[in-house]
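Participant: Got a predicted model here, sequence first, then my questions.
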Amino acid sequence: MIRIDNLTKQYGNRTILDDVNLHIREGEFVFLQGRSGSGKSTLLKLLYRDIGDYSGQILVGGTPIEQMPKYVLRRKIGVIFQSFELLERKTVFENVVLAGEVQGKASKLIEPEAMRLLERVGLKGMEQLFPEQLSGGEQQRVAIVRALLNRPSLLLADEPTGNLDSETAEQMLKLLKELHEEEGISMLVVTHSEHLITQFPSRTLKMDNGKVREYART
Ligand SMILES: Nc1ncnc2c1ncn2[C@@H]1O[C@H](COP(=O)(O)OP(=O)(O)OP(=O)(O)O)[C@@H](O)[C@H]1O
C-alpha cells in the first residue's frame, strides 16, 4: 500500500525525518506515536502531498506520489485531523458530499453513499445540522464520513481523538477499528495516548530523533 524508502525531510538545516524506511501493507491498522515535535504530522503531510521538498521515495500502490496527479492521490488517501476541519457554514450533509463533488463525482452516486456512511456512524437524522450544533465526537464522525466518501484505500488520522474526552476518544477508536475491518481500509493513526494503544492493540510505530521504529511492547 505505502512504501517509504530513504525518506529525509529537512526544514532549513533541521532534519525532521532522517532516512526513514517504512512499509504499510494493504489492510493494516497502524498507530504512530512520538513526542511533540518528533515529526508525525510532517510524515502524514508528506504522504498526502500537503508538503513536498524531500529526498527519497514515497510510493502509494506502487507508484511514486509525485507521478500521480494530486486528485488521484487524494482519492486514494483520506485524512482526518484533531480539529475536525469542517466547514462552518455548510450542513453535515453538505460537508460530506463536498468531498465527492471536488472529485467530480455525480450526486446520484455520492448522496446514497453519504447517507449510508452517516447512518453507519450514528448520525442519521443530523444531516441538516451545522457543525456548531454537534458535539466534538459527532463532528469527528462527520469528518470520518467525509474522508471515507471516496472509498480511499488508506485513511490518515492526525491525532483524531486529541480534542475529545477519554470516553469519546475510546468510542472513536472503536469506530475507526470497525470501519477499518468493514470497509477494508488501511489506517495510520497518530496518537499520544498510551491508553488507546493498550486498549486497541495494533502495530505501533514510534518516531524519535528523525527515525521511525517498530514499537516493541515489553
Ligand atoms: N513549515 C515548517 N517550517 C519549519 N519547521 C517546521 C515546519 N513545520 C513543522 N516544523 C518543525 O518540524 C518539527 C516536527 O513537526 P511536526 O508537526 O511534524 O511534529 P509532531 O510530531 O506532529 O508534533 P505534535 O505532536 O506536537 O503535533 C517541529 O519541530 C516543527 O517545529
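Facilitator: All right, it came through fine. Numbering: from 1, shown residues only.
Participant: which stretch of helix or strand covers Leu176?
Facilitator: Using DSSP states H and E, the element containing Leu176 is helix 166-183.
Participant: Name the residues that touch the helix or strand that that helix is followed by?
Facilitator: Going down the chain from helix 166-183, the next helix or strand is strand 186-190, by DSSP H and E. With contacts defined as CB atoms under 8 Å, 6 or more residues apart in numbering, strand 186-190 is touched by 1-2, 24-33, 40-41, 44, 47, 153-160, 173, 176, 180. For the C-beta atoms, the positions are set from N, CA and C on the backbone; glycine is no exception.
Participant: residues contacting the closest residue to Ala114 other than its chain neighbours?
Facilitator: Closest residue to Ala114 in three dimensions, ignoring its sequence neighbours and counting by CB to CB, 6 or more residues apart in numbering: Val96, at 4.5 Å. Residues near Val96 by CB under 8 Å, 6+ apart: 114, 117-118, 142, 145-146, 149.
Participant: Next, work out how far apart Val96 and the ligand are.
Facilitator: Remark: distance between Val96 and the ligand (CB to the nearest ligand atom, to the nearest Å) = 26 Å.
Participant: For the protein, list the residues in contact with the ligand, please.
Facilitator: 11, 16, 34, 36-42 (CB under 6 Å from any ligand atom).
Participant: List only those of those residues flagged as buried.
Facilitator: Neighbour counting by 16 or more other CB atoms under 10 Å classes 16, 34, 38-42 among these as buried.
Participant: Quick one: those residues as TSV, columns for pLDDT and secondary structure too.
Facilitator: Shown next, in TSV, are these (pLDDT from 0 to 100; DSSP: H, G, I helix; E, B strand; the rest coil):
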residue	pLDDT	secondary structure
Ile16	96	strand
Gly34	94	strand
Ser38	94	coil
Gly39	95	coil
Lys40	95	helix
Ser41	95	helix
Thr42	96	helix
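Participant: Spatially central residue in this structure, please.
Facilitator: What sits nearest the mean C-alpha location of the chain, by CA atoms, centre = their mean, is Leu156, with 1.9 Å.
Participant: For Glu170, the count of nearby residues, please.
Facilitator: Neighbourhood size, Glu170 [other CB atoms under 10 Å]: 17.
Participant: I'd guessed it sits against Gln199; true?
Facilitator: Yes - counting by CB atoms under 8 Å, Gln199 is a contact partner of Glu170 at 6.4 Å.
Participant: just to revisit the earlier point, looking at the contacts of strand 186-190, which are in helices?
Facilitator: Members of the contacts of strand 186-190 lying in helices (criterion: DSSP state H): 40-41, 44, 47, 173, 176, 180.
Participant: Any quick ChimeraX command for the buried ones out of the residues you listed?
Facilitator: A single ChimeraX command selects the buried members of these (16+ other CB under 10 Å):
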select :40,41,44,47,173,176,180
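Participant: before we move on, back to that, measure the residue nearest to the centre of the chain to Thr204 for me?
Facilitator: 16 Å (CB to CB, to the nearest Å).
Participant: Show me the contact partners of stretch 12-22.
Facilitator: By CB under 8 Å, 6+ apart, stretch 12-22 touches 2-10, 39, 42-43, 46, 54, 56, 205, 209-212.
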